[in-house]
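Student: Predicted model and sequence below, questions to follow.
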Amino acid sequence: MRIKSVKCRMLSGTLETPIQFGIGAFPTFSATLVEITTDDGFTGVGECIVRKAPQVTKAVVEQMLAPVITGRDPHDVEGLWDEMFQQLRGWGHYRGFVFEAVSGIDTALWDILGKAAGLPVYKVLGGAGRDRVPCYTSSVYFAEIPAMAAQAEEQIRAGHTAIKVKIGRNARLGGRRTDVASVKAVRDAVGPDVDIMLDANSAYDAATAIKVCRQLEDDDITWIEEPVPPDDLDGYARVRKGQHIPVAAGESEFGVFGFRELIRRDAIDILQPDVARVGGFTGARRVGALVHAYNLRYAPHTGFSAGISHLASLHVAATVPNLMTYEYFFAPNPLRDLFTEPFPQPDNGVIAVPQKPGLGLELDPKILKKFEVS
Ligand SMILES: [Mg+2]
């Protein structure tokens, strides 16, 4: 089996009402999808995470990485990953767009391996013996406090057992005091038996994060996610030592190298790689080995990523050690449902992994056409 072609498709979808959270207002979702075909007729798809300008990862995939893998055997996926990474590592490009481009390619290669074997990807990766995974529902975004509490309550009534709430307001939106009040209102609304995760999207400094977490220590919070900017590793360590809520992070990290540093500094309890940024399945699996070695927890990120990442993350959840929970996204995301079948729905806190070969759901050309940009 040989890789014949590597092509990209750029997607963009805009919400009527932008989502408000710690980074600001987010109106437009984007993604770069990678389609790889082989000489014996298999096609695999992957996704590169995109927040702005999908043409950047498209250029890296098609101009820089496709020449490395064209003509090669997809079964050598681990070695191909290393060769792609090696292209620019020595030139200083060991994070960022290159990593996101590798992620899309690697995911597509594993999709091919699954299809060729007639098995779902998580089985080809080495399944953990789970075809259903625990999940939490994500996320309650900024709104008036009663509306946030009502939305959380509605999600729990629909059968979810864990829910994430956004914090990290700027002063104009009421700052940390409104954050604390909103979380306490959600706790009152959902009762004591529901897991509540908090996500600041890097909006605090360490001192503010510690203050907020201490004010919420009696509210049985499952984790505080991205309390400070991803590059502030000392800040992460301060937050972890300065209060008692477990610290989660990873959607902004690249490969084992970023996570290695967070772990080395005792700065993190729960690792949240996005398969479309961490280096695809190969990157996600290597992070799994770190999670295992350090007895930490794994909680794959999905969020604003598009449907291939959400789907691939389900397979990650079904294979990695020390899985904590999968992020099921209920908030509006125009690029989540790209398939001919509906995306799997959680039932009482668990979600089933598709069992068809490869990623297990087919992209719907009609839906893609709606969002495709050139
Ligand atoms: Mg997050």
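Tutor: That came in fine, so what should we check first?
Student: Let me see the contact set for the residue lying closest to residue 53 once chain neighbours are set aside.
Tutor: Excluding the flanking residues, the one nearest residue 53 by Cβ to Cβ, 6 or more residues apart in numbering is residue 30, at 7.6 Å. The C-beta positions use only the backbone N, C-alpha and C, and glycine is treated the same way. Residue 30 makes contact with 10, 11, 12, 13, 50, 51, 52, 53, 54, 335, according to Cβ atoms under 8 Å, 6 or more residues apart in numbering.
Student: Give me the buried subset of the residues you listed.
Tutor: Buried residues within the contacts of residue 30, defined by neighbour count using 16 or more other Cβ atoms under 10 Å: 10, 11, 13, 50, 54, 335.
Student: Quick one: low-confidence residue ranges for the stretch 101-250 of the chain.
Tutor: Along the stretch 101-250 of the chain, no part satisfies pLDDT under 70.
Student: By proximity to the ion, which residue of it wins?
Tutor: When scored by Cβ to the ion, the stretch 101-250 of the chain has residue 199 as its residue closest to the ion, at 4.4 Å.
Student: ok, so what distance separates that residue from residue 48?
Tutor: Separation of residue 199 from residue 48 (Cβ to Cβ, to the nearest Å): 23 Å.
Student: Next: residue 298.
Tutor: Taken as Cβ to Cβ, the span from residue 298 to residue 48 is 21 Å.
Student: again, but for residue 72
Tutor: When distance is defined by Cβ to Cβ, residue 72 is 19 Å away from residue 48.
Student: residue contacts, residue 367?
Tutor: Contacts of residue 367 (Cβ under 8 Å, 6+ apart): 337, 338, 339.
Student: Look at the residue nearest to the second one when sequence neighbours are not counted and say how many residues are nearby.
Tutor: Right, the one you point to is residue 338. Nearest residue to residue 338 in three dimensions, chain neighbours excluded: residue 307, at 4.0 Å (Cβ to Cβ, 6+ apart). Per other Cβ atoms under 10 Å, the neighbour tally for residue 307 reads 25.
Student: Please shift the residue numbers so they start at 27 in all later answers.
Tutor: Shifting the count to begin at 27 puts that one at residue 333.
Student: Is it correct that residue 339 falls within a helix?
Tutor: Yes: counting by DSSP: H, G, I helix; E, B strand; the rest coil, residue 339 is part of a helix.
Student: Could you check how many residues crowd around it?
Tutor: 26.
Student: neighbour count winner among residue 98 and residue 74?
Tutor: residue 74 (33 against 16).
Student: From the contacts of residue 56, which land in strands?
Tutor: Judged by DSSP state E, the subset of those located in strands is 36, 37, 38, 39, 76.
Student: and those as TSV, adding distance to residue 275?
Tutor: Shown next, in TSV, are those (distance: Cβ to Cβ, whole Å):
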residue	distance to residue 275
36	28
37	26
38	27
39	27
76	20
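Student: in its sheet, what does the helix or strand harbouring residue 52 sit against?
Tutor: Using DSSP states H and E, residue 52 sits within strand 50-64. Paired strands of strand 50-64, with direction, are strand 29-47 (antiparallel), strand 69-76 (antiparallel) (DSSP bridges).
Student: quick one: contacts for residue 66?
Tutor: residue 27 are the contacts of residue 66 under Cβ under 8 Å, 6+ apart.
Student: does it count as helix, strand or coil?
Tutor: Under three-state DSSP, residue 66 comes out as coil.
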